[in-house]
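Asker: I would like the atomic coordinates for the input below:
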Amino acid sequence: MSNLPSTAANLTRNWTSFYTWRLPPDRRDSRRAEIESDLWEHQYLASLQRVDATNTAMEILLRFALGMPADCLWRLETNRIVRAERRSAMVNTDSRLMKALNVAALVVVALVPIIGASIAMNGWRHDTDVAWMMWGVIPVLASVALFVGLRRVRDQPGQGFALVVAACLVISAVWFWLFMFTIPLSAGLIALSYHRAKKAGWRSAKIQLA
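Answerer: Prediction:
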């Protein structure tokens, strides 16, 4: 009969292991340690007060049965908190990534006019034909449209996105011999501007109008 309290305690432990399954380790272990502490305290006080083993087991089982609804509610609330924490972590990660991408986009936008101006100046100094200088001038003008598009995509998503796409296509077409650089960079800039436009409500606005 003396094993009855231990059996009742093990039943409670098994239930605790069940409803804390697949929780983050810190929350899972904290809850299990809390229940373990309660069980130890209950049995220790019962031994000090010389409570009958059967009564002790019945008390543990009663606490176990009455506590089940609260345990289920605790799990539901913990799930909600864990999901909120994960969403917050994802937002913070996305925010850091977007900051890095924005810096990279500014670097690319700044490089285009520098390279374009160098090409145009080189053509002018060596008295080459006008077409050579246009290979430098046109990307410079396109870089202005690219910068404006990236800036405007938050306030006027549709117009800003269109400017970015047009500028990237122009630069890629003019500098066709640099396709191994212009195509992936253009794809990245277009994706970035689309993400900005989407966050600004561009797609949702189109859906509502439809």
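Asker: C-alpha from now on. contacts and neighbour counts both.
Answerer: OK.
Asker: The longest helix along the chain: how far from the chain's middle?
Answerer: Identified as the longest helix of the chain according to DSSP state H is helix 53-125. Offset of helix 53-125 from its chain centre (Cα atoms, centre = their mean, to the nearest Å): 4 Å.
Asker: now stretch 162-173
Answerer: Here stretch 162-173 is found 29 Å from its chain centre; the criterion is Cα atoms, centre = their mean.
Asker: Not counting it itself, show me its contacts.
Answerer: Counting contacts by Cα atoms under 8 Å, 6 or more residues apart in numbering, the residues outside stretch 162-173 that touch it are 138-139, 142-143, 145-150, 178-179, 182-183, 186, 189-190, 193.
Asker: now it: mean pLDDT?
Answerer: Averaging pLDDT along stretch 162-173 gives 89.
Asker: ditto for stretch 35-48
Answerer: 91.
Asker: which residues sit in contact with Gly136?
Answerer: Neighbours of Gly136 in contact, by Cα under 8 Å, 6+ apart: 115-120.
Asker: List phi and psi for it.
Answerer: With angles defined as degrees, to the nearest 10, Gly136 sits at phi -100, psi -40.
Asker: Give me the distance between it and Ser118.
Answerer: Going from Gly136 to Ser118 by Cα to Cα, to the nearest Å gives 7 Å.
Asker: With Trp177 instead?
Answerer: Going from Trp177 to Ser118 by Cα to Cα gives 16 Å.
Asker: With Arg80 instead?
Answerer: Counting by Cα to Cα - Arg80 and Ser118 are separated by 57 Å.
Asker: and the two? which has more neighbours close in?
Answerer: A count of neighbours by other Cα atoms under 10 Å puts Ser118 above the other of Arg80 and Ser118, at 15 against 12.
Asker: what sits against Arg13?
Answerer: 32, 35-36 are the contacts of Arg13 under Cα under 8 Å, 6+ apart.
Asker: quick check, distance from the helix or strand harbouring it to the centre of its chain.
Answerer: According to DSSP states H and E, Arg13 maps onto helix 4-19. Mean C-alpha position of helix 4-19 versus that of the full chain (Cα atoms, centre = their mean) differs by 38 Å.
Asker: The helix or strand that it is followed by relative to helix 53-125, how many degrees between them?
Answerer: Later in the chain than helix 4-19, the nearest helix or strand by DSSP H and E is helix 25-48. Interaxial angle of helix 25-48 relative to helix 53-125 (axes from the mean of the first three to the mean of the last three Cα atoms, to 10 degrees): 170 degrees.
Asker: so how far is His42 from the closest residue to Ala105 other than its chain neighbours?
Answerer: The shortest distance from Ala105 to any non-neighbouring residue, by Cα to Cα, 6 or more residues apart in numbering, is to Leu189 (6.6 Å). With distances taken as Cα to Cα, Leu189 is found 64 Å from His42.
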